[in-house]
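Chemist: Fold the following, please.
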Amino acid sequence: MRILLVSQMYPGPADPDFGVFVERMAVALRARGHELDLAVIDRRAGGRRRYADLLRDARVAARRHRPDVVYAHVLVPAGTIASLATSAPLVVTAHGQDVRNIGSIRGVRTATRGVVRRAAAVVAVSDYLRLELEAKLPDARGKTEVVDCGVDLDRFQVEPRTGAGPGPAFLCVGSLTDRKNVLRLARAFERLGEGTLTFVGDGPLRPQLEGRPGVVLAGRVPPDEIPQWVSRADVVCGPSLVEPFGEALLEALACGRNVVATRIGGPPEFVPPEAGVLVDPEDEGALTDALRAAAALPVPNPAARTAAEGHDVRLQAARVEEILLRAARGRPA
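Modeler: Predicted coordinates for the structure are as follows:
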């Protein structure tokens, strides 16, 4: 099958962590024997000009390769661009913010409705996101399926805890923003009063985290180094105010690490009680209790790895392949 992948996020030299989960799915689909041509944005900077360039690249690729199906990541604008670039059957994956934008940004609802109606199938990365999309846009009902982007189990492997120090080692991977709830996490850690809390990532709240006892700010690190940081941790934390899926938490489970995860969004769909604690992200006391409870679980934890195995990227690629094949053959979802 000839697949044209259109995405507004894909790793590039300046931003190697940008949409790495999209790249991972592309690699898995190629491994299943499909031809993939890419029309992607591989950098965060560049403004709206990037989208005009993406449309041009997608049209050129479509003329050159005559795809059997076009596979877009993010409803708008990538889904819109894919719709304009080719008449080939369209499958589009919703990742989270694109659904959140419906009704909050002028014109997005209309644009998204157009993409959904044009699509042979829509993929949501969690059932939580599917329900939100269908509530906001009834046109998506009956054609939306849930397939997350999966985890590379070969890359994220179970390793013994390295660099052990006094007290539990907590890790949070992601941007330092209000949505990621990093300040509340830091205060909950301070109430716990033991161990270390390392933040891998950067963002506007960094100055408010600097200088706190036991808090380490590692900044952004290359994607290939993330497994090493996870192997140094006992618990990986993701107490976001809302999390459409929670890729960093799934990667932690694959490494046999326990997690503290928000109960709002996708994490309840894959975090088992044997390997994680779900928490109300706005309850600071409950978050402190969750850190304590997760730190008491075994490390490495076989139950964590078992939970992640059901989300192997190769399994998820097989599911995406089935959806793409149906679309290419003109069969309904």
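Chemist: Report the buried residues of stretch 114-134.
Modeler: Neighbour counts over stretch 114-134 (16 or more other Cβ atoms under 10 Å) mark 114-116, 118-126, 128-130, 132-134 as buried. The C-beta positions use only the backbone N, C-alpha and C, and glycine is treated the same way.
Chemist: First-to-last residue distance for that stretch?
Modeler: Start to finish, the residues bounding stretch 114-134 are 14 Å apart (Cα to Cα, to the nearest Å).
Chemist: tell me the pLDDT at the residue nearest the centre of the chain?
Modeler: Geometric centre of the chain, nearest residue: E247, 4.3 Å, by Cα atoms, centre = their mean. With respect to pLDDT, E247 has a value of 97.
Chemist: Verify the contact between it and C149 for me.
Modeler: Yes. Using Cβ atoms under 8 Å, E247 is in contact with C149, at 6.9 Å.
Chemist: Determine the residues that are contacts of both of the two.
Modeler: The contact sets of E247 and C149 overlap at F21 (Cβ atoms under 8 Å, 6 or more residues apart in numbering).
Chemist: and the closest residue to A119 other than its chain neighbours, what are its bridge partners?
Modeler: Leaving aside its chain neighbours, A119 sits nearest to L90 (4.7 Å; criterion: Cβ to Cβ, 6 or more residues apart in numbering). Beta-bridge pairing of L90 under DSSP bridges involves V70.
Chemist: can you check G265 too?
Modeler: Beta-bridge partners, per DSSP bridges, of G265: E243.
Chemist: With D68 as the reference, measure out to the residue nearest to A119.
Modeler: 12 Å (Cβ to Cβ, to the nearest Å).
Chemist: Which one of those two is surrounded by more residues?
Modeler: L90 (24 against 18; other Cβ atoms under 10 Å).
Chemist: Quick check: the gap between the closest residue to G219 other than its chain neighbours and D224.
Modeler: Nearest residue to G219, sequence neighbours excluded (Cβ to Cβ, 6+ apart): D202, at 5.3 Å. In this view, D202 and D224 are 18 Å apart by Cβ to Cβ.
Chemist: With neighbour numbers in mind, choose between the two.
Modeler: For D202 versus D224, neighbours defined as other Cβ under 10 Å are more numerous around D202 (16 against 11).
Chemist: Confirm for me that that one is in contact with V173.
Modeler: No. Assessed by Cβ under 8 Å, D202 is found out of contact with V173, at 11.5 Å.
Chemist: Name the surrounding residues that touch whatever helix or strand V122 lives in.
Modeler: Using DSSP states H and E, V122 sits in strand 121-124. Outside strand 121-124, the residues that touch it by Cβ under 8 Å, 6+ apart are 75, 91-94, 99, 116, 130, 133, 140, 143-147, 320, 323, 326-327, 333.
Chemist: buried ones in stretch 147-160?
Modeler: 147-153, 156, 158.
Chemist: which among the residues you listed gets closest to M1?
Modeler: Checking the buried residues of stretch 147-160 against M1 by Cβ to Cβ gives V147 as the nearest, at 16.6 Å.
Chemist: roughly how far apart are the closest one and S126?
Modeler: 10 Å.
Chemist: low-confidence ranges in the stretch 201-333 of the chain?
Modeler: 331-333 (pLDDT under 70).
Chemist: All the strands of it, in order from the start?
Modeler: Ranges of strands in the stretch 201-333 of the chain, per DSSP state E, counting those that start in this stretch, are 215-219, 235-238, 258-262, 276-279.
Chemist: Would you reformat these as TSV and include mean neighbour count?
Modeler: Below are those laid out as TSV (neighbours: other Cβ atoms under 10 Å):
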stretch	mean neighbour count
strand 215-219	15
strand 235-238	30
strand 258-262	30
strand 276-279	25
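Chemist: No further queries at this time; thank you.
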